[in-house]
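In: Okay, predicted coordinates and the sequence, questions at the end:
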Amino acid sequence: MKKYLGILFVTVLVTISSAFAQKTDYKFGHINSSELLSVMPERDSARIALQTYSQMLQQDIEAMQIEYQSKVNTYLEKQETYSDLVKQSKETEIQEMQRRVQEFQSVAQQDYQQKEAELFQPIMDKAQAAIEKAGKDNGFLYVFDIGAGGVVYFSEKSIDILPLVKKELGIE
């Protein structure tokens, strides 16, 4: 009976070891997502649109600053001729204008960030979908993004899937 249990134990142990050995044949891949995004053609048009939007905001800010500076210069030139009531009114007007310029700059920065997300999120989503599809279609268990800086080492056994993803996206 002990002999039978011993043989059964060894058989179970060999079966488990064999199954474990087979499961360690996983495929791991890596990609530099920054490199992928840099070769996607949509990126260039999004970057140009963002630059155009940025220039428009910058022109608006500059126009407001010119108007503000003009009010300040006019006030400084004529302040001796103003009555106390007019002086106080002009100072309040200048302070209000300065506040509006600062507020516009803050809102413009938020708008810029929102526009950037609006333009680039679809590109990043497309890249992510292509990475997932290439990983799934080629049997990868994990795909690590080495461009994000989180992976400090990867073996030469890890496969660079950038060519597979570029093929998925139709990029030469």
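Out: Perfect, I can see it now.

In: C-terminal to the lengthiest helix in the chain, what's the next element?
Out: Across the chain, the longest stretch assigned as helix under DSSP state H is helix 84-137. Sequence-wise, the next helix or strand downstream of helix 84-137 (DSSP states H and E) is strand 140-145.

In: what distance separates that next one from the centre of its chain?
Out: Centroid displacement of strand 140-145 relative to its chain, using Cα atoms, centre = their mean, to the nearest Å, is 20 Å.

In: Tell me which strands it pairs with, and in which orientation.
Out: Sheet pairing for strand 140-145, assigned by DSSP bridges, gives strand 27-31 (parallel).

In: what about Gln55, distance to Glu62?
Out: Gln55 sits 10 Å away from Glu62, going by Cβ to Cβ, to the nearest Å. The C-beta positions use only the backbone N, C-alpha and C, and glycine is treated the same way.

In: right, I mislabeled it, should have said Gly149
Out: 37 Å.

In: isn't Asp111 right up against Met56?
Out: No: between Asp111 and Met56 there is no contact under Cβ atoms under 8 Å: 10.1 Å.

In: Output the below-cut-off pLDDT ranges for this structure.
Out: Applying pLDDT under 70 to the chain picks out residues 1-25, 150-154.

In: could you redo the last one with a cut-off of 90?
Out: Within the chain, the ranges that satisfy pLDDT under 90 run 1-33, 135-136, 138-172.

In: Can you dump the C-alpha atoms of stretch 112-122 in CSV for me?
Out: C-alpha atoms of stretch 112-122 as CSV (Å, rounded to 0.1, in the frame of the first residue of the first chain):
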residue,chain,number,x,y,z
TYR,A,112,-4.9,74.3,-24.7
GLN,A,113,-4.6,71.2,-22.6
GLN,A,114,-8.2,70.2,-23.4
LYS,A,115,-7.5,70.7,-27.1
GLU,A,116,-4.3,68.7,-26.9
ALA,A,117,-6.2,65.8,-25.3
GLU,A,118,-9.0,66.1,-27.8
LEU,A,119,-6.5,65.9,-30.7
PHE,A,120,-4.1,63.3,-29.3
GLN,A,121,-6.4,60.9,-27.4
PRO,A,122,-7.9,59.3,-30.5
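
In: doesn't Ala134 make contact with Leu164?
Out: Yes: the criterion here is Cβ under 8 Å, and Leu164 meets it with Ala134 at 4.1 Å.
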